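3D, please:
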Amino acid sequence: MKHPRPNILVYFSDQQRYDTLGCNGQTLAVTPTLDALARTGINFKHAYTNQPVCGPARAMLQTGLVPTRTGCFRNGIALPQGISTLARRLRAARYDVAYVGKWHLATTRGQTDYETKPIPPELRGGYDGWWVASDILEFTSHGVGGHLFDADGQKRPFTGYRTDAVTDHALAFLDTRSADDENPFFLFLSHIEPHHQNDRNRFEGPDGSRERFKGFTAPSELVPGVGDWEEQLPDYLGCCRALDDNLARVIAKLKQQGLFDDTVIIFTSDHGCHFKSHMDELAPGGSDDYKRTCYENTIHIPMVIAGPGFSGGREVNRIVELLDLPRTIAHLAGASSDGMQGRNLLDLLAGVPWREEAYVQISESFVGRALRTTRYTYCVWAPEKSPSRDMFAEVYTERFLFDNETDPDQKHNRIADPALAGLRRQLASRLQARAQEAGEPGFSIRPA
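Coordinates of the predicted model:
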């Protein structure tokens, strides 16, 4: 390794379920590249997002702060200018930074609109180097055809499949790199697949996806006739296979440039997908389609990391959070992690004592908070609060309690079970403590 610190590549998908990976139980050939990467790296089998909405999850990844700390608690709120981000921290540590794909952190609805326009440099979160991106990529493109914008604000049109085109821009960046470069690089490659195409209300896999993946085994929690999974899942899996095929292209380019052995590859997603199976659980004024809940199929995400420090083909079954990645990246880079709220995953691998729970903030569908422990999912909500306007509530009401050991499909809500009153009090206390730790105002919880 020429540099004492590794190159770092984040390969990020959008709305990808944990169980789409073969190493996590998928029986079809959807992720052979990721499965091979997991056999040499680390598969974090119990990784959870802290906010199952696109923009807030991205704000959290770029800053290491929960969404309510940045103010980006829902979509349509721009990342504050000048905030300490991964790009700025790693630049200070002498990394060359690059960003490709979906950004989703430049537009504030009703104030500034960059959803279909070039993003100005001051709204790029400190990525001052290679930049090819759209704020809302699904608004400037479809599964086939569209455009992004380069660092000069010029359109970069494409005619082929979107995942291939986005990856092309990342490969072009890697073509500028070699093992002899003075600084290591940090490349954030942010795909939109397998997210649905908004204006067409469907998933858009490559041609042939419906036939290729028609033999899927339905995830056990999905019920026939509820949601759109029966129609949409083959194309959804086709999107995931396209992501995997393009990861193979990236790995091949890293090897060609002599960079692979010195690069940490981080694969994960912002949240999962419930395929419109929980559309009857909104607060007044709330909205949802495929996420925005506390259910396992929404908050459980894939996370595979391989490269220096992450080797051995291990499966880690401890609970980790998406919020842990920014601090981990900063540590790998030798950059400052002061003020970040997550943990360093290398500490977990080294045997440092580890808290096993994920803290989840929920917005847009309802104002809610949830805790995922090794066994239970506990969720509270504030139905009188606006899901689009209110970040916090002074009072929440218990809403869900699932025993994931005896009820892995979360079919039986036990929030009103008198036999679990003591457990609910313990979980409520722990949830309040995590909220306080996250910097939220104090709140009370009403029993169900």
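
in the chain, which residue is closest to the centre?
In the chain, the residue lying closest to the centroid (C-alpha atoms, centre = their mean) is residue 270, at 1.5 Å.

which residues does it contact?
Counting by C-beta atoms under 8 Å, 6 or more residues apart in numbering, residue 270 touches 12-15, 49, 52-54, 57-58, 61, 301, 322. Just so you know, the C-beta spots here come from the backbone N, C-alpha and C atoms, and that holds for glycine as well.

Include distance to residue 247 and neighbour count when you put those into CSV, please.
As requested, those are exported to CSV (distance: C-beta to C-beta, whole Å; neighbours: other C-beta atoms under 10 Å):
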residue, distance to residue 247, neighbour count
12, 11, 23
13, 10, 27
14, 14, 25
15, 17, 24
49, 20, 28
52, 23, 33
53, 24, 26
54, 20, 22
57, 20, 26
58, 19, 25
61, 18, 26
301, 16, 25
322, 19, 25
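
will you turn the residues you listed into TSV that also has distance to residue 394?
What follows is the contacts of residue 270, written out as TSV (distance: C-beta to C-beta, whole Å):
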residue	distance to residue 394
12	35
13	36
14	33
15	32
49	25
52	23
53	22
54	28
57	25
58	28
61	29
301	30
322	27
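
and of those, the nearest to residue 158?
residue 14 (17.7 Å; C-beta to C-beta).

Pull the contacting residues for the closest one.
Applying C-beta under 8 Å, 6+ apart, the residues near residue 14 are 54, 102, 190, 191, 192, 193, 194, 195, 269, 270.

possible to save those residues as TSV with distance to residue 179?
As requested, these are exported to TSV (distance: C-beta to C-beta, whole Å):
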residue	distance to residue 179
54	35
102	29
190	25
191	26
192	31
193	31
194	33
195	35
269	30
270	32
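
out of the residues you listed, who has the most neighbours?
residue 193 (30 neighbours; other C-beta atoms under 10 Å).

Return the distance of that residue relative to residue 245.
11 Å (C-beta to C-beta, to the nearest Å).

Next: residue 425.
Taking C-beta to C-beta, one finds residue 425 at 49 Å from residue 245.

chain center to stretch 405-412, what's the gap?
How far stretch 405-412 lies from its chain's middle: 24 Å, per C-alpha atoms, centre = their mean, to the nearest Å.

Tell me where the stretch 1-150 of the chain has helices.
32-40, 54-63, 67-70, 86-92 (DSSP state H, counting those that start in this stretch).

about what we covered before: would you reformat the contacts of residue 270 as CSV and include pLDDT and distance to residue 434?
Output for these, formatted as CSV (pLDDT from 0 to 100; distance: C-beta to C-beta, whole Å):
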residue, pLDDT, distance to residue 434
12, 98, 25
13, 98, 27
14, 98, 26
15, 98, 25
49, 98, 15
52, 98, 16
53, 98, 19
54, 97, 23
57, 98, 17
58, 98, 21
61, 98, 19
301, 98, 18
322, 98, 15
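
Just the closest of those to residue 293, please.
Using C-beta to C-beta, the contacts of residue 270 come closest to residue 293 at residue 52, 6.7 Å.

Tell me who's in contact with that closest one.
270, 271, 272, 291, 292, 293, 298, 299, 360, 362.

repeat that for 10 Å
Residues near residue 52 by C-beta atoms under 10 Å, 6 or more residues apart in numbering: 15, 270-274, 288, 290-295, 298-301, 322, 360-365, 370.

Now it: closest residue in space that isn't a chain neighbour?
residue 271 (3.8 Å; C-beta to C-beta, 6 or more residues apart in numbering).

Next: residue 65.
Nearest residue to residue 65, sequence neighbours excluded (C-beta to C-beta, 6+ apart): residue 341, at 5.7 Å.

same deal with residue 198?
residue 138 (5.2 Å).

Check residue 439 too.
Residue 439 sits nearest to residue 69 (C-beta to C-beta, 6+ apart), 5.4 Å away.

Relative to residue 82, how far out is the one you found?
Residue 69 is 15 Å from residue 82, where distance means C-beta to C-beta.

low-scoring stretches of the stretch 301-448 of the chain, by residue?
Within the stretch 301-448 of the chain, no stretch falls below the threshold (pLDDT under 70).

can you give me the helices in it?
Secondary structure of the stretch 301-448 of the chain, counting by DSSP H, counting those that start in this stretch: helices at 324-333, 345-349, 421-437.

residue ranges for the strands of the stretch 301-448 of the chain, please.
Using DSSP state E, counting those that start in this stretch, the strands found in the stretch 301-448 of the chain span residues 303-306, 314-321, 357-362, 368-373, 376-381, 395-403, 444-446.

And for the stretch 1-150 of the chain?
Along the stretch 1-150 of the chain, the stretches classed as strands by DSSP E, counting those that start in this stretch are 7-13, 42-48, 96-102, 130-134, 144-150.

Can you tell me which of the ones you listed is nearest to residue 382?
Among the strands of the stretch 1-150 of the chain, the nearest to residue 382 by C-beta to C-beta is strand 42-48 (21.6 Å).

That closest one pairs with which strands?
Here strand 42-48 is paired, per DSSP bridges, with strand 300-301 (antiparallel), strand 303-306 (antiparallel), strand 314-321 (parallel).

So between residue 425 and residue 245, which is more surrounded?
Neighbour count, other C-beta under 10 Å: between residue 425 and residue 245, residue 245 has more, with 17 against 12.

residues contacting residue 384?
Contact analysis of residue 384 by C-beta under 10 Å, 6+ apart lists 283, 284, 367, 390, 393, 395, 397.

ignore the last one, residue 242
By C-beta under 10 Å, 6+ apart, residue 242 lies in contact with 30, 143, 161-164, 167, 191, 193-194, 204-206, 209.

what helix or strand does it sit in?
Assigned by DSSP states H and E, residue 242 falls within helix 229-256.

Isn't residue 346 up against residue 330?
No: using C-beta atoms under 10 Å as the test, residue 346 is too far from residue 330 to be in contact (11.1 Å).

ok, the two, which is more surrounded?
Between residue 346 and residue 330, counted using other C-beta under 10 Å, the more crowded position is residue 330 (22 against 15).

Go through stretch 249-260 and flag the buried ones.
Buried residues in stretch 249-260, counting neighbours by 16 or more other C-beta atoms under 10 Å, are found at 249, 250, 251, 253, 254, 257, 259, 260.

Next up, the contacts around the third one.
Residues touching residue 251, when contacts are defined by C-beta under 10 Å, 6+ apart, comprise 9, 11, 33, 36, 37, 260, 263, 265, 306.
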